[in-house]
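Q: I need the structure of the sequence given here:
(chains A and B)
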Protein chains: 2
Amino acid sequence: MPVARRYTPTNNFKTLSSYLQHVYAVIMAGGSGTRFWPLSRERSPKQVLSIIGSNSLLHDTAARLSGLISAKNIVVVTSRQQEDLLTPHLPKIASSNMLVEPLPRNTAPCIGLAAFHIRRLDPNAVMLVLPSDHRIRDMARFQEIVRKGVEVVRRKDALVTIGIPPTRPATGYGYIQFEPAAENHHGLVHKVKTFAEKPMLETAVRFLAAGDFYWNSGIFLWSISRILSEMEEHLPELYQQLKNIDSAVGRPEYENVLLNRYQRIRPISIDYGVMEVSHTPKYMLSGDFGWSDVGSWDELYRLMPHDADGHAVRGKAVFLDSRNTLIHSPEKLTAVIGLSDIMVINTPDATLICPLNRAQDVKLITEKLRKEGYKESL
Amino acid sequence: MPVARRYTPTNNFKTLSSYLQHVYAVIMAGGSGTRFWPLSRERSPKQVLSIIGSNSLLHDTAARLSGLISAKNIVVVTSRQQEDLLTPHLPKIASSNMLVEPLPRNTAPCIGLAAFHIRRLDPNAVMLVLPSDHRIRDMARFQEIVRKGVEVVRRKDALVTIGIPPTRPATGYGYIQFEPAAENHHGLVHKVKTFAEKPMLETAVRFLAAGDFYWNSGIFLWSISRILSEMEEHLPELYQQLKNIDSAVGRPEYENVLLNRYQRIRPISIDYGVMEVSHTPKYMLSGDFGWSDVGSWDELYRLMPHDADGHAVRGKAVFLDSRNTLIHSPEKLTAVIGLSDIMVINTPDATLICPLNRAQDVKLITEKLRKEGYKESL
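A: Residues are numbered from 1 along each chain as shown, chains lettered A, B, ... in the order given. Next up, the predicted model:
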């Protein structure tokens, strides 16, 4: 079995802060969030929107690490197009910690690129992988869970993931099946049995009833050496390309090598490429900290406060015989007559009207706009 | 029976133009058209909107008389608020032909005020009464019908109205029941049996099946002496107030008298006040010239061209699983997913979403806006 430099599990840290100084966070911030059109655009992706609360989801993702992981240990991976968009949302992140992918290749290459980067800084590092556009209500609890996850990584050199106790039979998430018998940590840590891809509705209903399936949050913890060794074993081509890129760091040809190698990299997710196939012990922590991926307008509707008629309004709205609508109309008045369970998204240059239960289809409209030549609306 | 100055029927006109030089048109242009909110506003009432075609309905109403009635014979009655709004739409109408009502009092006072005004100019005049915000497709046919109506007025000194062959069991119009046996004029002229108020749906269905009920278009023809005599008989209080106003014309106290008298005038329609109660012979001409009162958004939808999916779009729109919508969105893109038979009206400062079959309820939203303090949106 070919391996990368191996990490040796240890608990020899004098204080909590020294214990955490080897922990690095990787924020994956390259997505475009077409499901929040017309608010999210190519030039204003979901993670930079103040979609819930007054700050952007990206800003909150970085701020949530405050006191846990120092800013110099936070690495952000993004795309060439979005690099300058993100900077204002990340005031404490040094530009040397902003990694740019020249092409989108899903999560495994993104995580691999960050892992090589962090290994150069600290070969003993533990890596926390975070999507940039999720919402977590309870920051203290989140930090507590991450700390426990770091402990599990330290003690077992395992692949650790955070599962979310499901609240509905969602079909938009992957699921993690776990051993119901908890390890230690007050029942928070479970051995992972399997990873399940996004299910059909009937399967999701079964998962929910079974009780031993949690949502896959896309938040992971592992040592740098562990994840690189996994990639070398299960994604050897990708590993080789990333290694070549790593060799070019600091050299004039870096950008060319980066683009050249990324063109050869096959897009693959870390779930599919590593988590589902690895035989390394995998652990799941229960992420009971008020998580949401804010994945679509209907999810946002559920998170927003509602009035007595079930309306969630940002801006000004007036209703007649209408219930349970999401109105995003900060700049002008929206009036709805005789329609319920819909959303109206009113931005300066586009308006979207859609039933809440078809929020998943908003991305189809962006595809249609592309096909019909409405480039300026994308 | 008290009578105003009597008009003596005659046919002693040498040419068509001399025959028509005694014909005056009165355009009633005081309405606010709340049913076209958010496009129609207090400061942009329906008649000044280019709601269908490139000119305003008011402009088209005046232009439709071209070659039939000279501009100096066109009188426009409006409100104090709208006086200056209308001028740009009526380039050929002299300001001396703009009559202002200080308060809205329905059609009978409006017509009476205009009748006294015209009598001062020409006691032998025939008066054509026209709403300002209707659409007529076939201008030549319209002029032909008006000419025939003038003939009927001349020969019989009758009250003449134009009925519209109904195309659906509309509940928003009054109906005219007529003698099926036509007088002359190729079956166009019928004696009126009764005027029926806006019916319930079942009654409207019966009217439509019966075949001898036409819609009341609100277009009338009569001699000045005849209509004033009718008012003197059936609306004596109104007649007296209007006579007092007439006596003040040209004097410094005119504006005060006008306001003072209008405050005492009871609002009443010409249909209810005169047409339904008069025993004078009444004739109806068949108005087969492509009439519509463009009374609401759903009516406009019917008049607009549709694409293969039944969408009528002004502006830019994109659809997914949607049929038969009206989209008014000239300034930005509107996207609709999974909703049919609705309208989306997107103006610079307000957006309305409503099922087409609830278009009549748009005026309720304007009432709600007034109650909830959204004065700037009215």
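
Q: Quick check on the closest residue to chain B within the stretch 51-200 of chain A: phi, psi?
A: Residue nearest to chain B within the stretch 51-200 of chain A: residue A:172 (16.9 Å; C-beta to the nearest C-beta). For glycine as for every other residue, the C-beta is placed from the backbone atoms N, C-alpha and C. Per-residue torsions, residue A:172: phi -90, psi 0 (degrees, to the nearest 10).

Q: mind checking the SS state of the nearest residue to it once chain neighbours are set aside?
A: Using C-beta to C-beta, 6 or more residues apart in numbering or on different chains and skipping the chain neighbours, the partner closest in space to residue A:172 is residue A:295 (5.8 Å). Put simply, residue A:295 is coil when judged by DSSP: H, G, I helix; E, B strand; the rest coil.

Q: Roughly how far does residue A:295 sit from residue A:354?
A: 15 Å (C-beta to C-beta, to the nearest Å).

Q: now residue A:92
A: From residue A:92 to residue A:354 the distance is 37 Å (C-beta to C-beta).

Q: near chain B, which residues of the stretch 251-378 of chain A?
A: A:316, A:318, A:320-321, A:329, A:332-339, A:342, A:344, A:346, A:348-355, A:358, A:361-362, A:364-365, A:368-369, A:372, A:374, A:377 (C-beta under 8 Å from any C-beta of the partner chain).

Q: And residue A:262, which helix or strand is it part of?
A: Residue A:262 is located in helix A:254-264, with elements delineated by DSSP states H and E.

Q: Check the average confidence over that helix, would you?
A: For helix A:254-264, mean pLDDT is 97.

Q: Which other helices and strands does the helix or strand following that helix contact?
A: Heading C-terminal from helix A:254-264, the first helix or strand you meet, by DSSP H and E, is helix A:270. With contacts taken as 3 or more C-beta pairs under 8 Å, 6 or more residues apart in numbering or on different chains; DSSP states H and E, helix A:270 sits against helix A:107-121.

Q: what's the spacing between the helix it packs on and its chain's center?
A: How far helix A:107-121 lies from its chain's middle: 16 Å, per C-alpha atoms, centre = their mean, to the nearest Å.

Q: More neighbours: which of residue A:295 and residue A:354?
A: residue A:354 (26 against 19; other C-beta atoms under 10 Å in any protein chain shown).

Q: what's across from the closest residue to that one other than its chain neighbours in the sheet?
A: Excluding the flanking residues, the one nearest residue A:354 by C-beta to C-beta, 6+ apart is residue B:337, at 3.9 Å. Note on residue B:337: beta-bridge partners by DSSP bridges are residue B:320.

Q: Residue B:337 is in contact with residue A:360, isn't it?
A: No. Checked against C-beta atoms under 8 Å, the pair residue B:337 and residue A:360 is beyond contact range at 10.0 Å.

Q: Which one's more surrounded, the two?
A: Between residue B:337 and residue A:360, counted using other C-beta under 10 Å, residue B:337 has the larger neighbour count: 22 against 16.

Q: I'd like to know how far the more buried one sits from residue B:227.
A: Taking C-beta to C-beta, one finds residue B:337 at 55 Å from residue B:227.

Q: Check residue A:366 too.
A: Residue A:366 is 62 Å from residue B:227, where distance means C-beta to C-beta.

Q: List the residues that contact the most centrally placed residue in chain A.
A: Centroid check for chain A by C-alpha atoms, centre = their mean gives residue A:131 as the closest residue, at 2.0 Å. By C-beta atoms under 8 Å, 6 or more residues apart in numbering or on different chains, residue A:131 lies in contact with A:27, A:28, A:61, A:217, A:218, A:219, A:293.

Q: same thing but 6 Å
A: A:28, A:218 (C-beta atoms under 6 Å, 6 or more residues apart in numbering or on different chains).

Q: try the one 3 residues further on
A: For residue A:134, the contacting residues are residue A:293, taking C-beta under 6 Å, 6+ apart as the criterion.

Q: Then the one 5 residues further on?
A: With C-beta under 6 Å, 6+ apart as the criterion, the residues that contact residue A:139 are residue A:64.

Q: More neighbours: residue A:366 and residue B:227, which one.
A: residue B:227 (28 against 24).

Q: Assumed that one was part of a helix.
A: Yes. Counting by three-state DSSP, residue B:227 is located in a helix.

Q: which residues does it contact?
A: residue B:115.

Q: For residue A:355, what are phi and psi?
A: Torsion angles, degrees, to the nearest 10, at residue A:355: phi -60, psi 140.

Q: Report the beta-bridge partner residues of it.
A: Counting by DSSP bridges, residue A:355 forms beta bridges with residue A:342.

Q: do you know how far it is from residue B:359?
A: In terms of C-beta to C-beta, residue A:355 sits 21 Å off from residue B:359.

Q: Of those two, which one has the most company?
A: When residue A:355 and residue B:359 are compared for neighbours, residue B:359 comes out ahead with 22 against 18, by other C-beta under 10 Å.

Q: Against chain A, how distant is that one?
A: Per C-beta to the nearest C-beta, to the nearest Å, residue B:359 is found 9 Å from chain A.

Q: Can you check my assumption that that residue lies in a strand?
A: No. Residue B:359 is assigned helix when assessed by three-state DSSP, not a strand.

Q: What's the separation between it and residue A:316?
A: Taking C-beta to C-beta, one finds residue B:359 at 22 Å from residue A:316.

Q: quick check: domain ranges of chain A?
A: Structurally, chain A divides into domains by automatic domain parsing as follows: A:16-292, A:297-377.

Q: and the residue of the stretch 151-300 of chain A nearest chain B?
A: For the stretch 151-300 of chain A, C-beta to the nearest C-beta, closest residue to chain B: residue A:297, 10.5 Å.

Q: Can you report how many residues lie near that residue?
A: Neighbours around residue A:297, by other C-beta under 10 Å: 23.

Q: With residue A:49 instead?
A: 18.

Q: Could I get the pLDDT score of it?
A: 91.

Q: Phi, psi for it please.
A: According to degrees, to the nearest 10, residue A:49 has phi -80, psi 140.

Q: how far away is it from chain B?
A: Using C-beta to the nearest C-beta, residue A:49 is found at 18 Å from chain B.

Q: shaky segments in chain A?
A: A:1-19, A:184-186 (pLDDT under 70).

Q: can you give me the helices in it?
A: Ranges of helices in chain A, per DSSP state H, are A:16-20, A:57-63, A:83-86, A:107-121, A:139-156, A:201-210, A:224-234, A:236-248, A:254-264, A:270, A:297-303, A:362-371.

Q: who's the closest residue in space to residue A:129 that isn't next to it in sequence bridged to?
A: Distances taken as C-beta to C-beta, 6+ apart place residue A:220 nearest to residue A:129, at 4.2 Å, with adjacent residues excluded. Beta-bridge partners of residue A:220, counted by DSSP bridges, are residue A:129, residue A:161.

Q: wait, doesn't residue A:220 sit right on residue A:162?
A: No. At 7.6 Å, residue A:220 and residue A:162 do not qualify as touching, with contact defined as C-beta atoms under 6 Å.

Q: okay, those two: which has more neighbours?
A: The neighbour count for residue A:220 versus residue A:162, taken as other C-beta under 10 Å, is higher for residue A:162 (30 against 25).

Q: so who does that one touch?
A: Going by C-beta under 6 Å, 6+ apart, the list of residues near residue A:162 reads A:217, A:219, A:285, A:287.
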